[in-house]
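J.: Pasted the sequence and its predicted model underneath.
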Amino acid sequence: MLNFIWSGIIVISVLCSVFLGNTENLSKSLIESGSSSIELILTMAGILCLWSGIMKIAVESGLTAVFAKIFSPLLRPLFPKLDKNSDAFKSITMNISANLLGLGNAATPFGLKAMEQLHTLNNKSSTASNEMVVFVVMNTASLQLLPTTLAALRQAYGSQAPFEIIVPVWISSACALAVALILACSLNCSKPYRNTLINQKKAS
């Protein structure tokens, strides 16, 4: 769906530029955006490689088990059916740890691995389990204590104090996560009731 949305935006932009006689600025923007994109990638590559390497060391050194114990009291109520020593639980804790550091790219491999393991525990059903729903919500509306990627972007674009937005980030991400978890848990709790009603209708 996002591919269609972005494609539509690009097509509309090009058509508007042509009809409004602004093709010169369009060509200039295409050339400049290409070079600036490469510069941005190279600027962010260093910090992303650093933290991705740290996360890899954490996996190889067994630090994931330590993170699992630290986050266990907070995550157990959200994932009551998951064994805290399971691979899925460890992948979830590492994903959350990376998101707390603002490392979305580093969190993605752990998120994919966690979803794969949760899917296996769900008997590879076509219907997402409660744990899968809650995890997707937590991964999407993640709490960021250290918005590293955002700070790197701000620094790349000339900010003199890239971390000055850290308090607003804490507030906004905490509010988003709280609302998302409340909705997800509420819908998960109402799922058995909905299934009962569906079964009753089928039986009648």
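T.: In hand now; what should we look at?
J.: Show me the shaky parts of the chain.
T.: For the chain, the stretches with pLDDT under 70 are 1, 44, 47-48, 51-52, 55, 64, 102-106, 190-204.
J.: Show me the helices in this structure, by range?
T.: With DSSP state H as the criterion, the chain has helices at 2-19, 23-61, 63-75, 87-100, 104-121, 130-140, 148-156, 166-203.
J.: for the fifth one, packing partners?
T.: Judged by 3 or more C-beta pairs under 8 Å, 6 or more residues apart in numbering; DSSP states H and E, the packing partners of helix 104-121 are helix 23-61, helix 87-100, helix 130-140. Quick note: C-beta positions are derived from backbone N, CA and C, even for glycine.
J.: got it, and the third one?
T.: Judged by 3+ C-beta pairs under 8 Å, 6+ apart, the packing partners of helix 63-75 are helix 23-61, helix 87-100.
J.: tell me the most buried of these?
T.: Neighbour counts (mean count of other C-beta atoms under 10 Å) averaged over each of the helices and strands packed on helix 63-75 peak at helix 87-100, with a mean of 23.
J.: Now residue 121. Nearest residue, chain neighbours left out?
T.: residue 88 (6.2 Å; C-beta to C-beta, 6 or more residues apart in numbering).
J.: who are the neighbours in contact with the nearest residue to residue 18 once chain neighbours are set aside?
T.: Nearest residue to residue 18, sequence neighbours excluded (C-beta to C-beta, 6+ apart): residue 26, at 8.0 Å. Shown in contact with residue 26 (C-beta atoms under 8 Å, 6 or more residues apart in numbering): 13, 14, 17, 18.
J.: Of those residues, which is the most crowded?
T.: Scoring the contacts of residue 26 on neighbours with other C-beta atoms under 10 Å, the highest-scoring entry is residue 17 at 16 neighbours.
J.: How much space separates the closest residue in space to that one that isn't next to it in sequence from residue 20?
T.: For residue 17, ignoring the flanking residues on the chain, the nearest one in space by C-beta to C-beta, 6+ apart is residue 26 at 4.2 Å. Residue 26 sits 10 Å away from residue 20, going by C-beta to C-beta, to the nearest Å.
J.: Let me have the helices of the chain in a markdown table, extended by distance to residue 81.
T.: Compiled in a markdown table, those are given as follows (distance: least, C-beta to C-beta, whole Å):
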| stretch | distance to residue 81 |
| --- | --- |
| helix 2-19 | 31 |
| helix 23-61 | 24 |
| helix 63-75 | 12 |
| helix 87-100 | 10 |
| helix 104-121 | 8 |
| helix 130-140 | 6 |
| helix 148-156 | 32 |
| helix 166-203 | 11 |
